[in-house]
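Chemist: Return atomic coordinates for the entry below.
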Amino acid sequence: MSEFWNERFAAEEYVYGTEPNEFFRQELNKLMPGKILLPGEGEGRNAVFAARNNWQVTAFDTSTEGKKKAEQLADSSQVEIDYRIESYDSIDLETEAFDCLTLIFAHMPPNSRPAYHQKLSAYLKTGGTLILEGFSKAQIHNNTGGPKNVDMLFSKEELQADFSVFSSLRISETEVELDEGPFHKGKANVIRLVAVK
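Modeler: Residues are numbered from 1 along each chain as shown. Below you'll find the model as predicted:
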C-alpha cells in the first residue's frame with residue numbers, strides 16, 4: 001500500500017490540498033491545545049494546521065513521499081511536527097499520552113479496522129477527544145474520492161461498535177461538497193464523529 005501512496009504523493013502539487021479538512025478545523029478550534037496524534041496523515045495538511053494552532057503534533061504514515069511534503073509544508077509554515085514512517089501495525093506509542101486523536105479519511109482493511117481503532121484509542125487520554133471524518137458506504141456511488149471497496153467505507157453501526165468504550169459519541173452521516181485537491185473534489189457522502197474517551 002505504501003507504493004500506491006508514494007506514487008500518488010510524488011506529484012509536485014499537494015493532491016489533497018494544503019488547507020485542513022473543514023470538519024477537523026471546526027472541531028479542533030473548540031479544544032484547548034495539547035498533544036495530538038494524526039494517523040494516516042499523508043501530505044501533512046491537518047498536522048500543520050494543528051501545529052500552527054499551538055498543538056504538539058505527532059503524525060504517522062507509511063509514505064516517505066507524504067512525509068517529505070508534510071515536512072516541507074511545516075517548514076513553509078514555520079512550525080514543527082513529529083512525523084514518523086509507521087504503519088498501524090508497527091506504531092508503538094505511550095498509552096494515554098494524547099489529548100486528541102484525529103482520523104481524517106483513514107480507511108483501513110475491514111478485517112483489521114476494529115483492532116486498529118482499539119489500538120489507536122489506547123493512545124488517547126481519558127477525557128481526550130476523538131475527531132473522525134471518513135467516507136460512508138454511500139460514497140461507493142460517487143467518483144469523488146475514497147476506496148473502491150465498499151467494505152473499507154464506514155457505517156454508523158461499525159464506528160459505534162469500534163468506539164463503544166467512549167463516554168460520549170456524536171455521529172452523523174451527511175453529504176458534503178469536497179474541495180480538498182484533485183482527489184477529493186465534488187459531492188461526497190461522509191460520516192463525522194466526535195467522541196470523548
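
Chemist: Please compute how far the longest helix along the chain lies from its chain's middle.
Modeler: The single longest helix within the chain, with elements called by DSSP state H, is helix 64-76. Using Cα atoms, centre = their mean, to the nearest Å, the mean C-alpha position of helix 64-76 is found 16 Å from that of the whole chain.

Chemist: and it, what does it pack onto?
Modeler: Other helices and strands packing on helix 64-76, by 3 or more Cβ pairs under 8 Å, 6 or more residues apart in numbering; DSSP states H and E, are helix 2-9, helix 45-52, strand 56-61, strand 82-85. Any C-beta I mention is one placed from the backbone N, CA and C, and that applies to glycine too.

Chemist: Let me know the average pLDDT across it.
Modeler: Helix 64-76 carries an average pLDDT of 97.

Chemist: Would you mind listing the buried residues in that helix?
Modeler: Buried residues in helix 64-76, counting neighbours by 16 or more other Cβ atoms under 10 Å, are found at 65-71, 73-74.

Chemist: What residues of stretch 181-193 count as buried?
Modeler: Of all the residues in stretch 181-193, those buried under the rule 16+ other Cβ under 10 Å are 181, 184-185, 188-193.

Chemist: tell me which of those residues is nearest to Leu169?
Modeler: Lowest distance from Leu169 to these (Cβ to Cβ) belongs to Leu193, with 6.8 Å.

Chemist: My read is that the closest one contacts Phe163, right?
Modeler: Yes. Between Leu193 and Phe163 there is a contact under Cβ atoms under 8 Å: 7.2 Å.

Chemist: Need the overlap of contacts for those two.
Modeler: Overlap of the contact sets of Leu193 and Phe163 (by Cβ atoms under 8 Å, 6 or more residues apart in numbering) consists of 130, 169.

Chemist: bridging residues for the residue nearest to Lys156 when sequence neighbours are not counted?
Modeler: Distances taken as Cβ to Cβ, 6 or more residues apart in numbering put Ile171 closest to Lys156, at 5.6 Å, once the chain neighbours are dropped. Going by DSSP bridges, Ile171 is paired in beta bridges with Leu193.

Chemist: What separation do you get for Ile171 and Ala195?
Modeler: 8 Å (Cβ to Cβ, to the nearest Å).

Chemist: Quickly list what's touching both of the two.
Modeler: Common neighbours of Ile171 and Ala195, counting by Cβ under 8 Å, 6+ apart, are absent.
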